[in-house]
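Undergrad: okay, here's the prediction I keep looking at, along with the sequence it came from:
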Amino acid sequence: MTNEQMTISTLRVLSVETIEKAKSGHPGICLGAAPIGYTLFAKHLKHNPKDPNFFDRDRFVLSAGHGSALLYSLLHLFGYGLTKEDLMRFRQHTSKTPGHPEYGVTAGVEVSTGPLGQGVANAVGFALAERILANKFNKPDCTLVDHYTYALCGDGCMMEGIENEAASFAGTQKLGKLIVLYDSNRITIEGSTDIAFTEDVGKRHEALGWQVIRVQNGEDIDAISAAITLAKDEKDKPSLIIINTTIGYGSPLAGTAKCHGTPLGSDGIKELRKKLGYKTPAFEVAPAVTDHIAEMAPTFAKYQSEWNKAVKVYKTKYPEEYEEFQLWRKGAVDFNELDSIYDKPDKPEAARASCHRILNAIVQKNPFIFGGSADLAPSNSVGLTDAGDLSATENGRNIHFGIREHAMGAICNGMYLHGGVLPFCSTFAVFSDYMKAAIRMSALMNIPVVYILSHDSIGVGEDGPTHQPIEQLTALRTVPGIKVFRPADATETAVAFESAWTGKSPTVIFTSRQNLPQLDCTSTDALYGGYIAADSENETPDVILIATGSELSLALDAKAALAKDKIDARVVSMPCMELFDIQTAKYKESVLPSNVRARVAIEAGKSNIWYKYVGLDGELCCMDCFGMSAPASILFEICGFNVDNVVKLAKKTIRTCSKIEG
């Protein structure tokens with residue numbers, strides 16, 4: 001057995017024993033794709049395990065995240081700092097080897113993966129960011145950015161619609177340094193792919209503008225290596241390498257769905273070891289394998305040392321550009337000399353129009369911000385003025401994602417994680433459902449991708465219920481770790497952007513289609529998430545009106561109407577619940593005093609989440625049904641978003657609370 005074969009066998013056995021120890025995991029892909037992982041890490045991946053984060057490394061994304069045990073075995077063998085004890089704690093609490101790869105937990109893991117297809121789209125984002133930086137900073141006599149992005153995926157990734165969206169975008173962008181390795185074992189959980197998936201994946205990708213390379217035998221590392229070399233030589237097309245493998249190779253369950261997500265068991269591992277001729281004790285690595293990997297160390301170190309030399313030359317020849325490169329890598333948005341974003345317009349303005357003005361002011365000062373929309377930039381108002389388009393032939397900053405929300409969000413996640421660029425993306429609020437999975441992954445990884453969602457309520461009007469978001473605000477507020485802003489005017493819109501790009505979590509900004517009055521009472525106190533917009537005359541108000549977005553002006557009008565009936569109301573603006581909820585108890589009590597139980601929440605969206613502020617005694621002026629086709633002004637009126645109804649609800653909750661107190 002050659003050292004290469006011994007190393008591949010070690011990867012296989014380590015992976016399945018890791019899974020067996022946990023009594024949980026997916027051995028099938030680990031056994032079938034081990035030669036792919038070895039060939040990439042040993043022969044092609046530009047990386048240095050001693051410094052996993054050196055900037056010009058190749059990026060590797062395990063899109064088929066259920067194969068994490070294989071990735072952990074690779075990281076263990078190649079010296080990324082994962083110990084055998086880490087492997088033995090696979091899928092255990094606080095371990096460095098969670099069930100699916102997690103960003104920030106394990107050195108060598110570039111992005112959290114698991115939801116199938118997301119990783120391919122992330123890889124597209126990595127490759128796009130690489131090209132942006134290469135086009136910006138590379139010089140004819142000095143190359144600063146030059147690396148590939150690889151993704152390993154399986155049949156499941158290829159079935160998910162997000163993969164097609166991402167592949168279509170990558171083909172259009174001609175991302176020649178993106179290489180997807182397709183572990184084609186033709187098995188999924190329910191059995192053979194023939195029962196649900198008979199398309200020619202290669203022809204589909206050729207139609208999408210990809211180079212397609214086929215490897216008939218997934219055990220042939222020379223053929224795999226030759227295919228990767230061929231892929232790297234193609235500069236104008238992304239490459240898909242289709243590698244025919246056997247799921248569960250070498251095990252008694254090889255070629256069957258039974259080994260996809262079930263440990264082999266001790267007897268199965270014994271048979272595997274016998275088949276492979278493998279005698280090394282569990283979780284140990286044979287000296288021959290250790291020596292074989294050690295022989296590669298100088299090559300890995302050279303990758304980084306050569307880049308360090310290039311950086312040194314670049315820094316000497318192009319000191320100003322190098323400083324800018326460092327600024328881009330830092331990615332800290334500069335809000336100095338941007339006080340103008342807080343200027344109130346002198347007439348009503350839609351939040352989406354405020355967004356356009358504020359976004360452009362920020363972007364002009366921070367050239368590393370890139371973004372775009374799902375073919376809705378004129379409607380979302382996120383087009384970057386005089387910034388050009390980002391395409392296969394142009395180096396602008398407006399990204400035309402096409403009507404691909406699902407992939408768009410995941411591509412932005414990859415762009416951010418690559419480093420050097422800050423992405424944002426946009427669509428209609430109602431279509432945020434199409435990229436909910438990507439937004440969730442942003443939150444899970446705690447990365448500050450910005451999502452701008454326009455047409456935020458029934459204010460969409462004539463487009464009807466299919467385009468009127470009702471539940472989207474509530475749905476996104478239930479995702480842990482994100483900030484959801486619904487600003488009431490230009491001031492609160494500016495706050496939303498400053499909070500988004502000075503924080504470390506993803507932010508969703510809902511903007512209105514319709515014009516909003518510019519209110520004297522809004523302020524940067526919106527950074528607290530909720531604040532008193534208009535206070536009561538007395539220290540203790542009779543009722544508190546809590547509102548967001550376009551409904552804040554309604555709450556103010558209702559306060560004035562209540563005053564005519566000698567009812568003293570406080571108006572609270574709540575543009576971001578997540579920020580308000582993390583304030584001190586003292587601050588929250590000052591805004592929403594617990595001794596005032598008479599409260600009304602006013603928002604043109606689902607009511608569910610508002611009970612935490614109004615309690616059981618409060619009232620809700622919300623939307624708990626779908627909208628309808630009608631002009632916005634008519635819709636707001638017939639759905640109860642008018643002064644008379646808010647006054648009625650305020651009086652009702654006051655009566656209810658008076659009876660309880662009595």
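TA: Nice, thanks for sending it over. Numbers count the residues shown, from 1 in each chain.

Undergrad: for the stretch 151-300 of the chain, just list every one of the strands.
TA: 178-184, 187-188, 191-192, 211-215, 239-244 (DSSP state E, counting those that start in this stretch).

Undergrad: Serialize those strands to TSV and add fields for mean neighbour count.
TA: C-beta: built from backbone N, CA, C; applies to glycine. Output for those, formatted as TSV (neighbours: other C-beta atoms under 10 Å):
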stretch	mean neighbour count
strand 178-184	28
strand 187-188	22
strand 191-192	14
strand 211-215	20
strand 239-244	23
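
Undergrad: can you add distance to E589 and mean pLDDT and give those back as JSON lines?
TA: What follows is these, written out as JSON lines (distance: least, C-beta to C-beta, whole Å; pLDDT from 0 to 100):
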{"stretch": "strand 178-184", "distance to E589": "53", "mean pLDDT": "99"}
{"stretch": "strand 187-188", "distance to E589": "54", "mean pLDDT": "95"}
{"stretch": "strand 191-192", "distance to E589": "59", "mean pLDDT": "96"}
{"stretch": "strand 211-215", "distance to E589": "63", "mean pLDDT": "98"}
{"stretch": "strand 239-244", "distance to E589": "58", "mean pLDDT": "98"}
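
Undergrad: out of those, which gets nearest to M296?
TA: Proximity to M296 (C-beta to C-beta) singles out strand 178-184 among these, at 19.5 Å.

Undergrad: which other residues reach the closest one?
TA: 29, 32-33, 36, 40, 64, 120, 123-124, 126-127, 148-155, 158, 170, 201, 218, 228, 231-232, 238-245 (C-beta atoms under 8 Å, 6 or more residues apart in numbering).

Undergrad: distance between it and the chain's centre?
TA: Between the centre of strand 178-184 and the centre of its chain there are 21 Å (C-alpha atoms, centre = their mean, to the nearest Å).

Undergrad: what does stretch 32-50 give?
TA: Mean-position distance between stretch 32-50 and its chain equals 26 Å (C-alpha atoms, centre = their mean).

Undergrad: re earlier: nearest to Q304, out of the strands of the stretch 151-300 of the chain?
TA: Among those, the nearest to Q304 by C-beta to C-beta is strand 178-184 (20.9 Å).

Undergrad: and the angle for the closest one with strand 239-244?
TA: Orientation check (axes from the mean of the first three to the mean of the last three C-alpha atoms, to 10 degrees): strand 178-184 against strand 239-244 gives 20 degrees.

Undergrad: listing partners with orientation, what would you give for strand 178-184?
TA: Using DSSP bridges, strand 178-184 pairs in its sheet with strand 149-154 (parallel), strand 239-244 (parallel).

Undergrad: can I get these in a markdown table including distance to E619?
TA: Shown next, in a markdown table, are these (distance: least, C-beta to C-beta, whole Å):
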| stretch | distance to E619 |
| --- | --- |
| strand 149-154 | 51 |
| strand 239-244 | 57 |
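
Undergrad: looking at those strands, which is nearest to A297?
TA: In terms of C-beta to C-beta, the element of those nearest to A297 is strand 149-154, at 20.6 Å.

Undergrad: of all the residues in stretch 350-368, which ones are buried?
TA: Judged by neighbour count (16 or more other C-beta atoms under 10 Å), stretch 350-368 contains these buried residues: 350-363, 366, 368.

Undergrad: so which of those is the closest to S15?
TA: Of all those, S15 sits closest to F368, with 38.9 Å by C-beta to C-beta.

Undergrad: list the contacts of that closest one.
TA: The contact partners of F368, taken as C-beta under 8 Å, 6+ apart, are 327-328, 331, 420-422.

Undergrad: thanks again, I'm all set now.
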